[in-house]
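In: Sequence first, then the predicted structure, then my questions.
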Amino acid sequence: MISAAQRGFRQAFDWLVVRYQTRIMHAIANYIRDRDAVVDVAQETFIRAYKGISKFRSDSNFYTWLYRIAINTSYIHLNRERSKFPIVDNETSELAIANQPSEPVDEPESIVLGKELQHRLQKAIEGLPPDQRTAFLLLEENGLPYADIAEITSTPIGTVRSRIFRARESLANQLTGIC
């Protein structure tokens, strides 16, 4: 299918979009929380992939190549958003969280604790440096092997291992005493 898409067969590229769209949107959602923005960034990712598919080298994994485009497009989106709203503080995001509908009070304690742990874990992951967060999420969320992560991030495999180790260490330190 990839070679057919490279030769200009649009149906072949459409098939690739259908095959990878869910995985790419999930990957983008690790960086961008707004669902509409995730859809927009995914669409932009596939447009960039379509325009650049002739540059794809078939000696590497297509998903790895597409994932790299998605991450780069996500970073571009985030940088654009930051430039639109240069002053953002924690009070604003805390207000948004406080104004969301609350969960039922009568849930069992274990469910509440589980949700609290999940929330804290998500916040801790978001607080990781981008290089550590990317490597960690590629491994833990997407199940990619270290070699693919190294290719996606254009870094040596030893650096990938180090980033994942530091991410895990940081998360463990931040979550100590919660579990």
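Out: Good, I have the coordinates. Numbering: from 1, shown residues only.
In: Look up how far residue 51 lies from the spatially most central residue of the chain.
Out: Centroid-nearest residue in the chain: residue 30, 3.1 Å away (criterion: Cα atoms, centre = their mean). As judged by Cβ to Cβ, to the nearest Å, residue 30 and residue 51 stand 24 Å apart. From N, CA and C alone the C-beta is placed, and that goes for glycine too.
In: which helix is the longest one in the protein?
Out: helix 62-84 (DSSP state H).
In: Which of the residues in stretch 166-179 are classified as buried?
Out: Going by neighbour count (16 or more other Cβ atoms under 10 Å), the buried part of stretch 166-179 is 166, 167, 170, 171, 174.
In: Would you check that the first one makes contact with residue 132?
Out: Yes - Residue 166 is within contact range of residue 132, at 5.6 Å (criterion: Cβ atoms under 8 Å).
In: ok, now which ones touch the residue nearest to the centre of the chain?
Out: Each residue near residue 30 by Cβ atoms under 8 Å, 6 or more residues apart in numbering is listed here: 133, 137, 141.
In: tell me which element the second one falls in.
Out: Think residue 137. helix 130-140 (DSSP states H and E).
In: downstream neighbour of that helix in the secondary structure list?
Out: With secondary structure assigned by DSSP H and E, helix 130-140 is succeeded by helix 146-153.
In: Alpha carbons of the helix or strand just after that next one, as CSV, please.
Out: Per DSSP H and E, the first helix or strand lying C-terminal to helix 146-153 is helix 157-175. Extracted in CSV, the C-alpha atoms of helix 157-175 (Å, rounded to 0.1, in the frame of the first residue of the first chain):
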residue,chain,number,x,y,z
ILE,A,157,19.2,4.0,21.8
GLY,A,158,21.3,4.6,24.9
THR,A,159,19.8,8.1,25.2
VAL,A,160,16.3,6.6,24.9
ARG,A,161,17.0,4.2,27.7
SER,A,162,18.4,7.0,29.9
ARG,A,163,15.3,9.2,29.2
ILE,A,164,12.9,6.4,30.1
PHE,A,165,14.9,5.6,33.2
ARG,A,166,14.9,9.2,34.3
ALA,A,167,11.2,9.6,33.5
ARG,A,168,10.3,6.5,35.6
GLU,A,169,12.5,7.7,38.4
SER,A,170,10.9,11.1,38.4
LEU,A,171,7.4,9.6,38.4
ALA,A,172,8.2,7.3,41.2
ASN,A,173,9.6,10.1,43.3
GLN,A,174,6.5,12.3,42.6
LEU,A,175,4.1,9.5,43.4
